[in-house]
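A.B. asks: What follows is a predicted protein model with its sequence.
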Number of protein chains: 2
Amino acid sequence: MSERLIVVSSDCHAGLPIWDYKPYIEEKYHEMMDMAVPIQIEMTQKAEDSFLIKEINDEWRQGIEQELTGAWDYEQRVKMLDRDGIAAEVIFVDGITETNTPPFGAGLSLPTKDIVPELQWAGAMAHNRWLAELCANDPARHIGVAIIPLLWDVDEAVEKVRWCAEQGFRAVMIPSMTNDFPGYHHTKYHPFWEACEDLGVIVHFHSGPGPMADFFGAGWPDESADDFPGAMGIYVSEVMWWLYRPLTFMIWGGVFEQYPKLKTVITEGGTTWMLPSWLRMLDHNYTDVHHSAKLGDFRSHLSMKPSDYFRRNIGVGASCIPRADVEMRELVGVDKMMWGSDYPHPEGTWPKTGEILDEVFTGFPADDVAAILGRNAINFYGLDADALQTVADRIGPDPSRFA
Amino acid sequence: MSERLIVVSSDCHAGLPIWDYKPYIEEKYHEMMDMAVPIQIEMTQKAEDSFLIKEINDEWRQGIEQELTGAWDYEQRVKMLDRDGIAAEVIFVDGITETNTPPFGAGLSLPTKDIVPELQWAGAMAHNRWLAELCANDPARHIGVAIIPLLWDVDEAVEKVRWCAEQGFRAVMIPSMTNDFPGYHHTKYHPFWEACEDLGVIVHFHSGPGPMADFFGAGWPDESADDFPGAMGIYVSEVMWWLYRPLTFMIWGGVFEQYPKLKTVITEGGTTWMLPSWLRMLDHNYTDVHHSAKLGDFRSHLSMKPSDYFRRNIGVGASCIPRADVEMRELVGVDKMMWGSDYPHPEGTWPKTGEILDEVFTGFPADDVAAILGRNAINFYGLDADALQTVADRIGPDPSRFA
């Protein structure tokens, strides 16, 4: 009996072409959408012109236009998953990075400035409604991550996360940049953590956001990029830190002490690049007191050291890890790393997933490969392993392939 | 012939009791000082009450009140250096952390918000005038670090750094937090880098500043600390990152590409905690292009990889390193680490420097110990080794002590 590997992508993306969100938005916001969307498209194009390099994206998309419609077309999407051998996927917002984001800034970066809160909620809920429909096609295979713009109003966020749970969502994404709002150590967020813990809803942070004005100037994308040489190098060098930052706040704030069953995930934050040094630094500041004695007590409210909370409460959506990360898997814990394809983003493994999996995983112990490619995600997200084995037996890779 | 070790502290502090800065400030600012200083003292006390824990500081100071006056009293200071076996010192602002900072926010944290630029310049120049006098007592032993609040006005900063060089300064400190000002990759700062390179003035960043409102709330120190549990744990876990950040901006901005002889120092930022992972991350983003291909070219203006600029242009004021850091010295480079006592700060080695040096350095190769304790600083700062040997022969440790 040949049991195929269950591969779970802990990092995929989906989103409608922006105008197609209209039927999912309450009618009272339609007029506003007609005004705002053209501006959003123009801003996106400017940003693409100024650093995303339209040519690169256009070239990448050439010849795979049809396959990329899987960003929103269910039939096409399942074809792509099957071709990649992926049995189940965790679905974040923003299909094709720049062109399939919800209106009113409700996409991956969830800006918290220059946005009308009510409208951002409207955009987020439109996406959530559509995503619930998409996932309902086959709930065992598609784990949607609903969008919760938590910062504006914690009570509303609690109400919305209950709605999400009723729709079948077991995962939400919140902003990783809190900007002028209190950080996640603030006690005002406790009702939200409590609701997520109660409902078994997993809180996600996804890579991407950063303080763009620091890199590109306050006037970006209008400001001249020539004044800010190397801005993109700074962005890519800092982006993981900004992703891990909310967890730094939550750990020290005692959130996991108070809500011991709350689960969170860091998605597309790599594994060996930042994670081990981040944990070492946190533990150092918990255990070594001489250098901070003058700063008073900031640890007695925590019953464990920071890395213990990491082990218990934080998942690692490692996405497209390179072979070097698999070699160093013990640094992070082989039971922690969850692979992801990042479909349909150009930095992902798709459309060469099979080839890349061979490169990255061949020669490692079969059990470790099975854990990183799927079992860890099955355990962490509580997926239906039997249902997924049925899918895997049809489309999943044969384990002997990585021998 | 027994040649004693030349010990250089790359991290010491000095500052007058705040009212004693008055004679060093232009008379036109005296009235403003009379109004501002009581407020500054009150804010400091509030901050000390809310997290610095006055009792801890008071207890630490008990019985060493006289010795601590070395923060500003030259005769006392030299006694302390001699007792510690320190031949030369690099002197930053803020003597006894909380109580010897210049007026108008011109201390270690150089705030860039809620401050009148003209007044901050006035406070900084008062300190610079006094520090020039202090160092003139024995320029071979005392390397003063002048304060340059660079952000407000680059032309003024250039003018002031020329004045500093004329007074004998070969070192300046600039803000590590740029806040709402452009980061140090912005081309507007080029005239300042050019002036420092021309004059041979070394630019310093010193640990301490961070976005305090993120940790303690915008209303801090008035806001209730209870709303922000663990804030100090977050601060100590992030403080190194905020210290290294300006160098991330300068490296990618091509500052060291354009000004190849410009020297900078990261002081009190540890060695093994953050430095190796920071360099690895920067180099990764320079060399690995797949994941960032869609972001365009951000590296072709750099002729070397980031860690090469680090080797060439950045010094490491490692301060009071633990034994573990000496064990891992090859990670950073034994020719890079510059020890420091942090006198008279309570987190430093003083008043137990001798005892701590024994603990940290005993058993390591004599040449490595000599490099970390003094030779690296002599080379980096271009100190007068002969003059310092004369001092060391009187007060320095015997190398056999660490055998």
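C.D. replies: Yep, that arrived. Predicted model only: the values in this text are computed from it and were never measured.

A.B. asks: okay, CA-based contacts and neighbour counts for the rest of this
C.D. replies: Will do.

A.B. asks: Just give the nearest non-adjacent residue to residue A:185, would you?
C.D. replies: Nearest residue to residue A:185, sequence neighbours excluded (Cα to Cα, 6 or more residues apart in numbering or on different chains): residue A:253, at 4.1 Å.

A.B. asks: residues contacting that neighbour?
C.D. replies: Contacts of residue A:253 were listed using Cα atoms under 8 Å, 6 or more residues apart in numbering or on different chains, and they are A:184-186, B:228-231.

A.B. asks: can you check residue A:142 too?
C.D. replies: For residue A:142, counting by Cα under 8 Å, 6+ apart, the contacting residues are A:88-91, A:135-136.

A.B. asks: can you list the weak-confidence ranges in the stretch 1-150 of chain A?
C.D. replies: Along the stretch 1-150 of chain A, segments meeting pLDDT under 70 span A:1-2, A:50-53, A:97-98.

A.B. asks: Which parts of chain A are strands?
C.D. replies: For chain A, the strands defined by DSSP state E cover A:8-13, A:88-92, A:142-144, A:146-147, A:171-173, A:202-206, A:264-267, A:314-319, A:337-339.

A.B. asks: show me the contacts for residue A:215.
C.D. replies: A:228, A:231-232, A:234-235, B:183.

A.B. asks: how does it look with 7 Å?
C.D. replies: Counting by Cα atoms under 7 Å, 6 or more residues apart in numbering or on different chains, residue A:215 touches A:231, A:234-235.

A.B. asks: Around chain B, pick out the residues from chain A.
C.D. replies: Residues of chain A found near chain B (Cα under 7 Å from any Cα of the partner chain) are A:51-53, A:56-57, A:182-183, A:185-187, A:214, A:217, A:227-234, A:236-237, A:248-249, A:252-253, A:273, A:277, A:281-282, A:285, A:290-292, A:294-296, A:298, A:347.

A.B. asks: Quick one, which of those are buried?
C.D. replies: For these, a burial check counting by 16 or more other Cα atoms under 10 Å in any protein chain shown picks out A:51-53, A:57, A:182-183, A:185-187, A:214, A:217, A:227-234, A:236-237, A:248-249, A:252-253, A:273, A:277, A:281-282, A:285, A:292, A:294-296, A:298, A:347.

A.B. asks: Next, the spatially closest residue to residue A:313 that is not a sequence neighbour: phi, psi?
C.D. replies: Counting by Cα to Cα, 6+ apart, the nearest residue to residue A:313 once its immediate chain neighbours are dropped is residue A:263, at 4.9 Å. Main-chain dihedrals, residue A:263, degrees, to the nearest 10: phi -110, psi 140.

A.B. asks: Could you report the distance from residue A:263 to chain B?
C.D. replies: 20 Å (Cα to the nearest Cα, to the nearest Å).

A.B. asks: swap in residue A:81?
C.D. replies: Counting by Cα to the nearest Cα - residue A:81 and chain B are separated by 21 Å.

A.B. asks: Equivalent analysis for residue A:197, please.
C.D. replies: To chain B, residue A:197 is 20 Å away according to Cα to the nearest Cα.

A.B. asks: again, but for residue A:312
C.D. replies: Distance of residue A:312 to chain B, computed by Cα to the nearest Cα: 19 Å.

A.B. asks: Just put the strands of chain A in a markdown table and tack on distance to residue B:63.
C.D. replies: Converted to a markdown table, these look like this (distance: least, Cα to Cα, whole Å):
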| stretch | distance to residue B:63 |
| --- | --- |
| strand A:8-13 | 59 |
| strand A:88-92 | 61 |
| strand A:142-144 | 63 |
| strand A:146-147 | 58 |
| strand A:171-173 | 55 |
| strand A:202-206 | 50 |
| strand A:264-267 | 49 |
| strand A:314-319 | 47 |
| strand A:337-339 | 54 |
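
A.B. asks: Which among those is found nearest to residue B:115?
C.D. replies: With Cα to Cα as the criterion, residue B:115 lies closest to strand A:202-206 of these, at 35.4 Å.

A.B. asks: and that closest one, how far out from the chain's middle?
C.D. replies: Distance of strand A:202-206 from its chain centroid, counting by Cα atoms, centre = their mean, to the nearest Å, is 6 Å.

A.B. asks: in its sheet, what does it sit against?
C.D. replies: strand A:171-173 (parallel), strand A:264-267 (parallel) (DSSP bridges).

A.B. asks: Residue A:195 is in contact with residue A:158, correct?
C.D. replies: Yes. Assessed by Cα atoms under 7 Å, residue A:158 is found in contact with residue A:195 at 6.4 Å.

A.B. asks: for the stretch 101-250 of chain A, what spans make up the helices?
C.D. replies: Secondary structure of the stretch 101-250 of chain A (DSSP state H, counting those that start in this stretch): helices located at A:117-136, A:154-166, A:190-199, A:212-216, A:231-252.

A.B. asks: now the ones you listed in TSV, with distance to residue B:147?
C.D. replies: Below are these laid out as TSV (distance: least, Cα to Cα, whole Å):
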stretch	distance to residue B:147
helix A:117-136	42
helix A:154-166	43
helix A:190-199	43
helix A:212-216	24
helix A:231-252	26
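
A.B. asks: looking at those helices, which one has the lowest mean pLDDT?
C.D. replies: Sorting these by mean pLDDT places helix A:212-216 lowest, at a mean of 91.

A.B. asks: which parts of stretch A:365-382 are buried?
C.D. replies: A:366, A:368-378, A:380-381.

A.B. asks: Show me what the mean pLDDT comes to for that stretch.
C.D. replies: For stretch A:365-382, mean pLDDT rounds to 98.

A.B. asks: List the contacts of that stretch.
C.D. replies: Stretch A:365-382 is contacted from outside by A:5-8, A:10, A:334-339, A:361, A:385, using Cα under 7 Å, 6+ apart.

A.B. asks: now stretch A:384-399
C.D. replies: A:3-7, A:82, A:85-87, A:140, A:378.
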